[in-house]
Each structure stands twice: as structure tokens, then as C-alpha cells.
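Undergrad: Dropping the sequence and predicted coords here.
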Amino acid sequence: MIETERLVLRKFTLDDLPTLIEQRLDEEVARYLGGLELQTPEFIEKRLRAYIATYDEHGFGSCAMIWKETGENIGWSGLQPLEDSGEIEVGYGLVKKFWGRGIGFECAKAWLRFGFESVGLDRIVAVAVKGNAGSIRIMEKCGMTFDGEEVHYGLPVVHYSVRREDFENRSDAH
């Protein structure tokens, strides 16, 4: 579990499935996740089980994002393997009513710090659907640099990365 000023990031359980389905089936959220046609309850359950398995195997994974003020589950975030690339990615998703509050940056920065300081990673990547300006802004604000365009999760994405030394040398990393 990781805590930030406003968030608790905790391991998912299968009890989180109904909430995760509701969050990922929001049309505006789903457009950055491959669209509603991909976000079926069966697909979301498979993703949740993968998140839990990744956490059990590596000691990190995508986690439930809890708003401290109310205890509400407002999204997901974490570190996870980027498909079969051998890279570890930071990812995040929020329910729409929490967009634009700096929460994506807050959780991404916390996961980067955790990945570099606690896990000992040398490099962390992030991907976003090309039109996801908010996510791209977060990656850049975290000190990540654009590596190019790729295809991941069956979608054309932009690929960003940051090395441990570059993250640690930022004055706002801690």
C-alpha cells in the first residue's frame, strides 16, 4: 500500500470488480482504454485477475485508488509489465468527476518513486492513446520523455520513459 497526500493506493481484491466495471464502462473513460466494445465485464474481470496476479508475483501492480477524504474508490493506478516488452509501465485511470485535480500526477509520481526507490527499477515507461492529452501532460510533468509511437494493448499509443537518475535529479521528485 502506498499513501500520498490525498490517496491510498491499495492492492485490488475480487470484491473491487463491480466498482472497476462501473468505472471502466464510463464512455469517456473507456475511450482511452480502447472503447466500450473492448471494456466488457468479462474483459475487465480478466484484467482485474491479472492485476492481482502481477501484484502477488512482483510485489506491485495496478491498485485501487482510494480518495482519503471519503474512502471512495476513484480509479486505479500502479506499476505493471507492459505486455511482453520486458518493460515496467506506470499507469493510471480515474473516474471522470476527479479529472483535472492533479490526481493522475500525484499517483504517477508516487508510483515512480516506489518503482525506483523500493523496487530498484532503472527505467519506467508509460503509454497513452495518442489523443489522451491529459495523460501525456502527466507523463511529461513526471519528467518522462517521448520515445515514439508504438502499438500496445492493440491500440496505437505514444510511448514515454524516464530513467531513475533523471527522476531523482528532479527537484519535485520527492
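TA: Received it, and whenever you're ready, just let me know what you need.
Undergrad: By residue count, tell me the biggest helix in this structure.
TA: Using DSSP state H, we find that the single longest helix of the chain is helix 41-58.
Undergrad: quick one: buried residues of that one?
TA: For helix 41-58, a neighbour-count test (16 or more other CB atoms under 10 Å) marks 44, 47-48, 51-52, 54-55 as buried. Quick note: C-beta positions are derived from backbone N, CA and C, even for glycine.
Undergrad: Adding distance to residue 119, write those residues out as JSON lines.
TA: Converted to JSON lines, the buried residues of helix 41-58 look like this (distance: CB to CB, whole Å):
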{"residue": "44", "distance to residue 119": "26"}
{"residue": "47", "distance to residue 119": "21"}
{"residue": "48", "distance to residue 119": "22"}
{"residue": "51", "distance to residue 119": "16"}
{"residue": "52", "distance to residue 119": "18"}
{"residue": "54", "distance to residue 119": "12"}
{"residue": "55", "distance to residue 119": "12"}
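Undergrad: would you list these in a markdown table and tack on pLDDT and distance to residue 132?
TA: Converted to a markdown table, the buried residues of helix 41-58 look like this (pLDDT from 0 to 100; distance: CB to CB, whole Å):
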| residue | pLDDT | distance to residue 132 |
| --- | --- | --- |
| 44 | 89 | 19 |
| 47 | 88 | 18 |
| 48 | 94 | 22 |
| 51 | 93 | 20 |
| 52 | 96 | 25 |
| 54 | 93 | 22 |
| 55 | 94 | 25 |
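Undergrad: mind checking how far the nearest residue to residue 107 once chain neighbours are set aside is from residue 64?
TA: Nearest residue to residue 107, sequence neighbours excluded (CB to CB, 6 or more residues apart in numbering): residue 77, at 4.2 Å. Going from residue 77 to residue 64 by CB to CB, to the nearest Å gives 9 Å.
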